[in-house]
Each structure stands twice: as C-alpha cells, then as structure tokens.
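In: Only the shape, not the letters, is given here:
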C-alpha cells in the first residue's frame with residue numbers, strides 16, 4: 001500500500017511505516033541466520049566457521065545492492081513527497097533495469113576474484129574448500145539479491161513497507177525449509193545451504209518486482225507515458241547511492257581485516273566468533289530498520305518542505321530505536337552462552353563457546369552508541385548529506401583496519417574484540433556532529 005509520509009502524526013506514521021520494516025528485518029535475519037544455524041547444527045563446527053568466514057565477503061555484494069537501493073530510495077521518496085509523477089514514472093523502471101545489468105557485471109567480477117580474495121583471508125586449511133564452494137554458488141544468486149533490494153527500497157520510498165515484508169517473510173521460511181532439506185535430509189553439506197539461499201532469493205526477487213510493477217502501472221503510469229527508461233536517473237541513483245555503497249563496503253573491508261586477524265586463532269575461535277557476530281548483526285540490522293524508515297520519512301517531508309516533521313521524526317526514531325536496543329543489550333548479556341549454543345551442536349568445543357561469549361561481553365554494552373550512529377546516519381541520508389554520512393563511516397572503518405592487528409598482538413583475541421566499541425565511538429561522534437551541522441543548514445533555516 002502506497003503511503004504519504006508527509007501527513008498524519010509523526011509518531012503514528014513512523015511506527016506504522018517502520019513496523020513492517022522491523023518484521024522484514026526479523027525475517028531477513030532468519031534468512032541470514034539459517035545458513036549458520038543449520039551448518040553448525042546439522043553439518044559440522046567447521047561448516048559453521050566456513051559460512052561465517054564467507055559472510056564478510058558476501059556483505060560486500062550486499063553493500064553494493066543495498067547502497068544503490070538506498071540512493072534510489074532517497075531520490076524516489078523526494079519525488080513522491082513533491083508529487084512529481086513524471087520523474088517517478090521514469091525512475092522506477094530505470095532503477096530496476098540498471099540494477100539487473102549491474103548485478104551481472106558484479107557477479108562476473110566476483111566469480112573471477114573469488115579464489116584470490118579467499119587466499120587473502122588466511123583461512124584455516126580445513127575451511128578453505130568449503131568456503132569457496134559456498135561463495136561461488138552464492139555469487140550466482142546476485143541478480144536476485146540486487147533486484148529484491150531495489151524493489152524493496154522503491155516500495156519504501158512510496159510509503160509501502162508491507163509488501164516487501166510479505167515477500168521476505170515467505171522467502172525466509174522457504175530458505176529455512178530448503179536448507180534443512182538439502183543439508184540435513186539430503187546430506188548435501190555446505191552446497192545445500194548455498195542452493196537453499198539461491199532459490200529463496202530468486203523467489204523474493206521475482207515476486208517483489210512483479211508486485212512493484214502492478215501499482216506502478218495502475219497509479220503512477222498513465223496512458224501515453226512515453227519513454228520509461230532514462231539513464232540520467234541511473235546517474236542520480238549513483239550520485240546518491242555511491243556514498244552508501246562505499247559506507248557499507250568500508251564496513252565490509254573493516255570486517256574482512258578483522259576476520260583475517262581472527263582466522264589464525266583456529267577454527268574453534270572462528271566458529272565462536274561467527275555465532276557471536278551473527279547476534280551482533282541482528283542488533284545492528286534492527287536499528288538499521290528504523291534508520292532506513294527515517295531516511296524515507298525525512299526525504300518525503302523535505303520534498304514537501306515540512307521541516308517541523310523532520311525534527312520530530314528524528315527524535316522519535318531515536319527514542320524507539322534506543323528502547324529496542326536496551327532490550328537487546330539485556331538479552332545478550334544475560335543469555336550469552338545459551339545464545340552461542342543455538343549455533344553449535346552439544347559437542348561444541350569450550351574454545352568456541354568462550355570466544356562467542358567473550359565477544360558479546362565486550363561489544364554488547366556499547367550497542368546504544370552504535371544505535372545512535374545508525375539513527376543519525378538515517379537522518380543524514382534522508383537529507384541527502386551523503387558526504388557527511390560517508391565520512392563518519394570511513395572514520396569508523398579506519399579504526400577497525402588500523403587497530404585490529406596491534407590490539408591482537410598486545411592483548412590477544414579480547415583486544416581484537418575491543419576494536420568494535422572503539423570504532424563505534426569514533427564514528428558516532430562524527431555522525432552526531434554532522435547531523436547537527438546539517439540540521440542547522442537544511443532544516444532550522446527552512
């Protein structure tokens with residue numbers, strides 16, 4: 001359902017808009033966690049480590065897809081808020097075609113660079129072959145990944161957060177069922193989990209694109225609309241999206257640098273870290289849900305020149321997301337080891353359990369800091385202040401890249417885990433400063 005975010009009480013509008021996005025995130029995490037949970041419980045501890053080792057690599061591709069999709073979201077939401085139907089008519093099909101072509105190019109590049117990239121990570125020998133098999137199958141599903149992300153972002157730009165949630169929920173359930181069938185019943189091992197993800201992504205991509213084009217034809221595309229694909233909108237998407245892409249790629253590179261520091265500690269430590277990091281990812285993506293909702297809200301209201309609603313929306317989004325964060329923080333600290341045990345069999349090594357609980361002990365108390373950064377980043381994206389948004393993230397990543405190896409040498413594995421809080425503090429400080437500067441320039445002055 002297409003919804004105008006420029007009308008109605010900001011709290012109610014944000015809550016109704018973000019709730020389906022929150023459930024989308026929940027199912028997205030089920031989608032992402034399925035491979036790790038099933039690999040760890042039904043294949044082997046080494047399989048869990050292999051999937052976890054591949055995760056930072058797959059996040060690079062997710063970063064490209066979601067970053068450019070956020071750029072399209074900002075442009076489309078502003079056009080929708082300003083009731084510029086002509087621009088929307090040409091932007092939507094251009095965005096989908098552009099993402100399809102780009103995904104084919106990224107897939108080819110990924111297949112070519114897969115082996116050398118895994119070599120750089122210093123992967124333990126017992127994980128190397130499984131990593132490459134999983135990653136190569138994953139790469140073949142990139143067109144589906146790219147199209148789903150673009151369709152979902154365009155839905156959100158039009159104020160519809162329910163439709164992409166429905167497709168993602170169905171795809172998540174399908175992914176779990178296929179993973180169980182292929183890995184646990186048919187004993188296909190790591191390839192089974194990868195093929196399950198491939199098929200589920202295909203379902204969500206085809207379904208969401210078809211659903212997007214239906215209201216597009218009925219409500220936005222009148223008869224005699226003329227030419228639908230104009231490549232100038234691809235340029236606009238790139239201009240707004242590249243900072244988000246770089247932000248998420250920087251995060252992935254920072255994660256890869258830390259993964260390469262952790263890998264030499266052995267497969268047990270890698271498996272424990274993988275389980276804990278998946279829990280950390282669940283928290284981050286939870287707060288990113290409201291951050292993305294806030295971006296659409298801010299973009300539409302700036303397009304409609306309703307600056308008072310922008311100020312109110314940012315405050316409300318921060319209040320809601322910090323409340324959720326405190327709940328997640330309490331669960332992570334009170335149930336550290338049981339959470340790690342969800343990912344492993346009963347015979348898991350003590351090293352795996354201790355590594356996972358150590359990461360949560362160090363990182364979880366700083367979740368509210370990370371939440372503040374994500375909220376401020378959502379506001380900056382909605383304002384179109386992409387350089388500020390990217391600069392704050394780049395500082396966060398530099399901390400990860402430059403502190404990982406020295407902290408490991410001096411303080412061991414616990415020292416590596418302290419890099420996360422350090423990076424969050426630096427990045428958050430800059431995001432907050434940039435937000436208040438942009439607020440004064442773009443909102444307070446009208």
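Out: Right, received. Where do you want to start? Note that this is a predicted model, so its numbers are computed, not measured.

In: Please identify the helix or strand for residue 244.
Out: helix 232-262 (DSSP states H and E).

In: and if you look at residue 309?
Out: Applying DSSP H and E as the criterion places residue 309 in helix 307-334.

In: Just the mean pLDDT for that helix, thanks.
Out: Averaged across helix 307-334, pLDDT comes to 86.

In: one step back: any idea how far the helix or strand just after the helix holding residue 244 is from the chain center?
Out: Remark: after helix 232-262, the chain's next helix or strand is helix 267-303, criterion DSSP H and E. Helix 267-303 has its C-alpha centroid displaced from the chain centroid by 6 Å (Cα atoms, centre = their mean, to the nearest Å).

In: just stretch 401-419 next, same as before
Out: 25 Å.

In: so where's the stretch 301-446 of the chain uncertain?
Out: 345-348, 441-446 (pLDDT under 70).

In: Contacts only, for the residue lying closest to residue 194 once chain neighbours are set aside.
Out: Excluding its sequence neighbours, the residue lying closest to residue 194 (Cβ to Cβ, 6 or more residues apart in numbering) is residue 137, at 3.6 Å. C-beta here means a position set from N, CA and C on the backbone, and glycine is covered the same way. Residue 137 is in contact with 191, 194-195, 198, counting by Cβ atoms under 8 Å, 6 or more residues apart in numbering.

In: Now do the same for residue 137: its pLDDT.
Out: 87.

In: Check the gap between it and residue 379 for me.
Out: Distance of residue 137 to residue 379, computed by Cβ to Cβ, to the nearest Å: 38 Å.

In: ditto for residue 258
Out: 28 Å.

In: Could you do residue 60 as well?
Out: Taking Cβ to Cβ as the measure, residue 60 falls 26 Å from residue 379.

In: And the two? Which one has more around it.
Out: Shown here are residue 60 and residue 379; by other Cβ atoms under 10 Å, residue 379 has more neighbours (27 against 19).

In: Now do the SS call for residue 305.
Out: Three-state call for residue 305 (DSSP: H, G, I helix; E, B strand; the rest coil): coil.

In: Same check on residue 398?
Out: At residue 398 the chain is in helix, as set by three-state DSSP.

In: what number of residues lie near residue 232?
Out: 10.

In: The one 10 residues further on now?
Out: Number of residues near residue 242 (other Cβ under 10 Å) recorded here: 17.

In: residues touching it, list them.
Out: Taking Cβ under 8 Å, 6+ apart as the test, what residue 242 contacts is 67-68, 71, 386.

In: change it to 6 Å
Out: If you count contacts by Cβ atoms under 6 Å, 6 or more residues apart in numbering, residue 242 has none.

In: Could you check the pLDDT of it?
Out: Reading off the model, residue 242 has pLDDT 76.

In: What's the separation between it and residue 391?
Out: In terms of Cβ to Cβ, residue 242 sits 14 Å off from residue 391.

In: Which stretches in the stretch 301-446 of the chain count as strands?
Out: In the stretch 301-446 of the chain, no strands are defined using DSSP state E, counting those that start in this stretch.

In: those helices in it, which residues are they?
Out: In the stretch 301-446 of the chain, the segments counted as helices under DSSP state H, counting those that start in this stretch are 307-334, 336-341, 350-363, 367-383, 386-417, 419-439.

In: To residue 295, which of these lies closest?
Out: Nearest of the helices of the stretch 301-446 of the chain to residue 295, taken as Cβ to Cβ: helix 367-383 at 4.2 Å.

In: So which bits of that closest one are buried?
Out: 367-368, 370-383 (16 or more other Cβ atoms under 10 Å).

In: middle-most residue in the chain, spatially?
Out: With distances taken as Cα atoms, centre = their mean, residue 285 lies nearest the centre of the chain, 6.1 Å away.

In: Check the gap between that residue and residue 19 for me.
Out: From residue 285 to residue 19 the distance is 15 Å (Cβ to Cβ).

In: Go ahead and confirm residue 124 touches residue 268.
Out: No: here residue 124 does not reach residue 268: they are 9.7 Å apart, not a contact under Cβ atoms under 6 Å.

In: Report the contact partners of the closest residue to residue 291 other than its chain neighbours.
Out: Computed as Cβ to Cβ, 6+ apart, the closest residue to residue 291 that is not its neighbour in sequence is residue 378, at 3.3 Å. By Cβ under 6 Å, 6+ apart, residue 378 lies in contact with 291, 294-295.

In: Can you pull the phi/psi pair for residue 97?
Out: phi -70, psi -40 (degrees, to the nearest 10).

In: what about it, neighbour count?
Out: Other residues lying near residue 97 total 15 when counted by other Cβ under 10 Å.

In: relative to helix 232-262, how tilted is the helix or strand containing residue 99?
Out: Using DSSP H and E, residue 99 sits in helix 85-120. Using axes from the mean of the first three to the mean of the last three Cα atoms, to 10 degrees, one finds that helix 85-120 and helix 232-262 are set 20 degrees apart in direction.

In: can you give me the offset of helix 85-120 from its chain's centre?
Out: Using Cα atoms, centre = their mean, the offset of helix 85-120 from its chain centre is 16 Å.

In: Give me the average confidence score over that helix.
Out: What helix 85-120 shows for mean pLDDT is 81.

In: that older thread, what's the angle between the helix holding residue 244 and helix 367-383?
Out: Per the same axes, to 10 degrees, the angle that helix 232-262 makes with helix 367-383 is 160 degrees.

In: could you give the angle of helix 232-262 to helix 419-439?
Out: Interaxial angle, helix 232-262 versus helix 419-439 (the same axes, to 10 degrees): 150 degrees.

In: For residue 301, which non-adjacent residue is closest in space?
Out: Leaving aside its sequence neighbours, residue 301 sits nearest to residue 309 (Cβ to Cβ, 6+ apart; 4.5 Å).

In: Can you report how many residues lie near the one you found?
Out: 22.

In: distance of it from residue 417?
Out: Per Cβ to Cβ, residue 309 is found 40 Å from residue 417.

In: Please identify the deepest-packed of the helices of the stretch 301-446 of the chain.
Out: helix 367-383 (a mean of 26; mean count of other Cβ atoms under 10 Å).

In: Stretch 138-146 spans what distance, first to last residue?
Out: 13 Å (Cα to Cα, to the nearest Å).

In: Could you pull out the buried residues of that stretch?
Out: Buried positions in stretch 138-146, judged by neighbour count with 16+ other Cβ under 10 Å: 138-139, 141-146.

In: Which residues does that stretch contact?
Out: Contact partners of stretch 138-146, identified using Cβ under 6 Å, 6+ apart, comprise 58, 61, 65, 99, 103, 106-107, 110-111, 194, 198, 201-202, 205.

In: wait, what's in contact with residue 171?
Out: Under the criterion of Cβ under 6 Å, 6+ apart, the neighbours of residue 171 are 200, 203-204.

In: Closest to residue 432 out of those?
Out: Of the contacts of residue 171, the one sitting nearest to residue 432 (Cβ to Cβ) turns out to be residue 204, at 35.0 Å.
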